[in-house]
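Novice: Following is a predicted model, sequence given first.
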Amino acid sequence: MYYSVDRIDEGWAVLIDDEENRLEIEVEKLPGGVGAADMLWFENGVWRLDGDEKARRQEEIRALQRQLTVDS
């Protein structure tokens with residue numbers, strides 16, 4: 001399951017999974033350089049950044065935005 005980094009505040013990251021569940025975790029347990037809007041995957045007890053998934057979702061959002069501006 002993927003988790004999106006909603007925000008980082010005072011050493012804690014707020015993550016939202018694909019089912020809209022919220023998880024708060026200490027930033028020190030996440031990969032270095034993690035930031036808002038990054039996509040994470042938890043596997044074998046390790047958090048991993050997934051830049052490809054982030055790019056895919058961002059492109060999906062841009063396509064939806066283009067569709068909205070064309071349809072209006």
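Specialist: That came in fine, so what should we check first?

Novice: what are the ranges of the strands in this protein?
Specialist: Ranges of strands within the chain are 2-9, 12-17, 22-26, 39-43, 46-49, based on DSSP state E.

Novice: a markdown table for these, including mean pLDDT?
Specialist: Formatted as a markdown table, the strands of the chain follow (pLDDT from 0 to 100):
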| stretch | mean pLDDT |
| --- | --- |
| strand 2-9 | 97 |
| strand 12-17 | 98 |
| strand 22-26 | 98 |
| strand 39-43 | 96 |
| strand 46-49 | 97 |
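
Novice: Using a markdown table, lay out the ones you listed together with mean neighbour count and distance to residue 65.
Specialist: All C-beta atoms are positioned from the backbone trio N, CA, C, and that covers glycine. Output for the strands of the chain, formatted as a markdown table (neighbours: other CB atoms under 10 Å; distance: least, CB to CB, whole Å):
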| stretch | mean neighbour count | distance to residue 65 |
| --- | --- | --- |
| strand 2-9 | 16 | 18 |
| strand 12-17 | 18 | 20 |
| strand 22-26 | 12 | 25 |
| strand 39-43 | 16 | 19 |
| strand 46-49 | 14 | 24 |
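
Novice: got a markdown table for those strands, with distance to residue 63 too?
Specialist: A markdown table is the format used below for those (distance: least, CB to CB, whole Å):
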| stretch | distance to residue 63 |
| --- | --- |
| strand 2-9 | 18 |
| strand 12-17 | 21 |
| strand 22-26 | 27 |
| strand 39-43 | 17 |
| strand 46-49 | 23 |
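
Novice: so which of the ones you listed comes closest to residue 57?
Specialist: Minimum separation from residue 57 across the strands of the chain (CB to CB) falls at strand 39-43, 6.8 Å.

Novice: which neighbours does the closest one have in its sheet, and in what orientation?
Specialist: Using DSSP bridges, the strands paired with strand 39-43 are strand 2-9 (antiparallel), strand 46-49 (antiparallel).

Novice: and that strand with strand 22-26, angle?
Specialist: 80 degrees (axes from the mean of the first three to the mean of the last three CA atoms, to 10 degrees).

Novice: Compute the distance from the centre of stretch 2-11 to the centre of its chain.
Specialist: Centroid separation for stretch 2-11 versus its chain: 8 Å, with CA atoms, centre = their mean, to the nearest Å.
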